[in-house]
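# Give me a model of this one.
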Amino acid sequence: MRWIVKIGTSSVCGSDARLSQKKINAFIKQVRALISGGHQILVVTSGAVGAGIGAIGKGPHDVTDKQALAAIGQARLMAAYQRALDPIVAGQVLLTRQDLEDADRRQASRRTLERVLQWGAIPVINENDTVTDAELRIGDNDTLAARVAVLVAADRLVILSDIDGLYTDNPKTHPDALRIDAVPWVTASDMERYSREDRGGLGTGGMLTKLEAARIAQEAGIGMVLASSQEPDVLEKIDRIENWQGGTRFLAKRGIVRA
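Just a heads-up that it's a prediction; the model follows:
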């Protein structure tokens, strides 16, 4: 199976915004296990701006600051992934919205990703924050991961976050909220319900972006799983999802889980 695995900023950086090699090592250990089991893995990673903040010691005040921090942080982020993957080779792929929407550039992006996989390397994908402006931005890596999943005809999209699934309400403010095991189809009312959710911390995506990603995947017949990056061996559990009671599954088609 071909998986797209997206991991968020808070899952690769510490509370001080500095890149955590320990967290990346733990994540890549799981990726290695999936590869050993015969899966193809493409990683969509956040964390470049966070890594830049950790290196410079200050946050962005405008778009130019954010682009500069991304430029500094990307080098550190890729170095951390390569250390964790070695001797497997990491192939950095930076994309913009135009790369996924223009027909020629879309084909070129697909060919590049397929060739990296063919050579036994691991694509490590991020948005090209160093050059994108409002017109070129995809906006968040949840959406990027879903669109890459469609681009390469993935079998499964996994979004690892600091929350272990979709809840009936915000579990941070409503302790009685219940985790939803499976979502047959993301509806317009689902989107509206989470459209006012605040975005905070280091990342750019909240639950709304995860629902948007799920809808993109579902419309392409790709199942998505939202789970906590902090759960031990979470990728192995997702690989045996029929025997796992965690996370939230967004079904590939209404009422059907794609094998």
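# if I've got this straight, K58 is in a helix?
No - K58: not assigned to a helix; according to DSSP: H, G, I helix; E, B strand; the rest coil it is coil.
# That one - how many residues pack around it?
Neighbours of K58 under the rule other Cβ atoms under 10 Å: 10. Bear in mind the C-beta positions are built from the backbone N, C-alpha and C, glycine included.
# for it, phi and psi?
In terms of degrees, to the nearest 10, the main-chain angles of K58 are phi -150, psi 160.
# Tell me the pLDDT of it.
The model reports K58 with a pLDDT of 86.
# begin at 4 from here
With 4 as the first residue, the last one maps to K61.
# ok, so what distance separates it from S192?
The gap separating K61 from S192 is 41 Å, by Cβ to Cβ, to the nearest Å.
# T171 too?
13 Å.
# Name the residue in the two with the higher neighbour count.
T171 (12 against 7).
# Correct me if wrong: that one contacts L181.
Yes - contact status for T171 versus L181: in contact at 4.8 Å, counting by Cβ atoms under 8 Å.
# Common neighbours of these two, please.
Shared contacts of T171 and L181 (Cβ atoms under 8 Å, 6 or more residues apart in numbering): none.
# Tell me where this protein has strands.
Ranges of strands in the chain, per DSSP state E, are 5-10, 43-48, 93-98, 125-130, 159-164, 185-186, 226-231, 251-253.
# now the third one and strand 125-130, what's the angle there?
Spelled out, it's strand 93-98. Angle of strand 93-98 versus strand 125-130, following axes from the mean of the first three to the mean of the last three Cα atoms, to 10 degrees, is 30 degrees.
# just the first one next, same as before
For strand 5-10 and strand 125-130, the angle between their directions (the same axes, to 10 degrees) works out to 50 degrees.
# What about M4, how many residues nearby?
Other residues close to M4 by other Cβ under 10 Å number 14.
# Which residue is the nearest non-sequential neighbour of it?
In this structure, M4 finds its nearest non-sequential neighbour in D158, 4.2 Å apart by Cβ to Cβ, 6 or more residues apart in numbering.
# quick one: the one you found and A223 touch, right?
No - counting by Cβ under 8 Å, A223 is not a contact partner of D158; they are 11.1 Å apart.
# Contact partners for I162?
Applying Cβ under 8 Å, 6+ apart, the residues contacting I162 are 9, 11, 145, 148, 213, 216, 227-230.
# run the last query once more with 6 Å
Residues in contact with I162 (Cβ atoms under 6 Å, 6 or more residues apart in numbering) are 9, 145, 213, 229.
# Now flag whichever of those is closest to A82.
Distance to A82, by Cβ to Cβ, is smallest for K9 among the contacts of I162, at 20.1 Å.
# show me the contacts for the closest residue to that closest one other than its chain neighbours.
What sits nearest to K9 in space, not counting adjacent residues and going by Cβ to Cβ, 6+ apart, is A148, at 3.7 Å. A148 makes contact with 7, 9, 47, according to Cβ under 6 Å, 6+ apart.
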